[in-house]
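Chemist: return atomic coordinates for the entry below.
(chains A, B and C, ligands or ions: 1)
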Amino acid sequence: MKDSKPQMNGSSEDRVRKGLWSVEEDQMLLDYVNTHGKGHWNRVSRKTGLKRSGKSCRLRWMNYLSPSVKRERFTEDEDDLIIRLHKLLGNRWALIAGRVPGRTDNQVKNYWNTHLSKKLDTPNTQPAHSKPVIMHNCSELRSCCSGNNLSTAPADDQMISSDFSSNTTCGTKTRSVTVPIETANTEEEDETNIMKESVSGDVANRQIGALQTSKADELRQIETVAADAGADDDGDHGSCCFMQYLDDYTLHFVLNNNKRNNAASATAGM
DNA sequence: AAAACCACCAACCGCTCTCAT
DNA sequence: CATGAGAGCGGTTGGTGGTTT
Ligand SMILES: [Mg+2]
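Modeler: You can find the predicted model right below:
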């Protein structure tokens, strides 16, 4: 048979296969989906004899077998689209892929990492005139650490640092800047929605003069403005941006409490 | 001829989110 | 409120196939 190689895990090779999928395995999964439909991937190994985890089956379907997945080379139009979306959204691959027909998050991510990010490395991309507005996606700003960072990571500054990698530059005027903000999943994720919808919540602005020079300082600053916007200490989300006018910056913070349910606030206590 | 090197990317892993009970 | 299973996310890796030494 096609005992390629890829089984493997440690001891009992009879349990679950890993690694690349063979055409026979693909066919088994395809058959399963045709008769039972997609979903409930853990049942696949029980119904068919396929020695794959449910997780692996789901991934294989979503990224390759599904007829909606394009397999041909990326076009220049796609390059362009992905670059623009990445500028806007950072490494939110699923969101980006949602706007690129036929491409999955994994495809977009791989393609970005191996082709586009390097191609773009020439940091020539600064809009000379009005200095860039720095937009932070602070959706992770669950005000003040609830700690519980896992084992391997040295908790410390982690907080929003990863979001700093998604800083975006764009020319913007001071008035009515809209900010990408984590939408509370309304079925449809649209680039357009992301850009103009700020859900609900309170807003605070503070004129801050110059930008802070360290992330830590900037975070403190954001937190104080977040507090102005009504963020309390537990689990609140928000987004912010820095709006530039001449030499002066204004920190604009939008509180985005996750509760979509009752507009009536649960803020009773404080 | 073979070893060392390298680019690519499918798939894995650890984790979070969501929803049903 | 808790639990748990399924779905989904994004960083990372290891196998593969091509190229250089
Ligand atoms: Mg897509």
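
Chemist: which residues touch A:K118?
Modeler: Contacts for A:K118 (CB atoms under 8 Å, 6 or more residues apart in numbering) come out as none. Where you see a C-beta, it was placed from the backbone N, CA and C, and this is true even at glycine.

Chemist: just to be sure, it is in a helix?
Modeler: Yes: the assignment for A:K118, made by DSSP: H, G, I helix; E, B strand; the rest coil, places it in a helix.

Chemist: and the pLDDT at the closest residue to A:R103 other than its chain neighbours?
Modeler: Spatially, and ignoring its direct neighbours in sequence, A:R103 is nearest to A:A97 (5.4 Å; CB to CB, 6 or more residues apart in numbering). Note on A:A97: pLDDT of 97.

Chemist: likewise for A:A229?
Modeler: What the model reports as pLDDT for A:A229 is 73.

Chemist: that one against A:R206, yeah?
Modeler: No: between A:A229 and A:R206 there is no contact under CB atoms under 8 Å: 9.9 Å.

Chemist: settle it for me: which of those two has more neighbours?
Modeler: A:A229 (21 against 15; other CB atoms under 10 Å).

Chemist: and the closest residue to the more buried one other than its chain neighbours, its phi and psi?
Modeler: Closest residue to A:A229 apart from its sequence neighbours, by CB to CB, 6+ apart: A:A204 at 3.8 Å. Main-chain dihedrals, A:A204, degrees, to the nearest 10: phi -140, psi 140.

Chemist: for chain A, which residues are neighbours of the ion?
Modeler: Residues of chain A lying near the ion by CB under 5 Å from the ion: A:97, A:100, A:103.

Chemist: what segments of chain A are strands?
Modeler: In chain A, the strands defined using DSSP state E lie at A:133-136, A:168-170, A:203-209, A:238-245, A:248-255.
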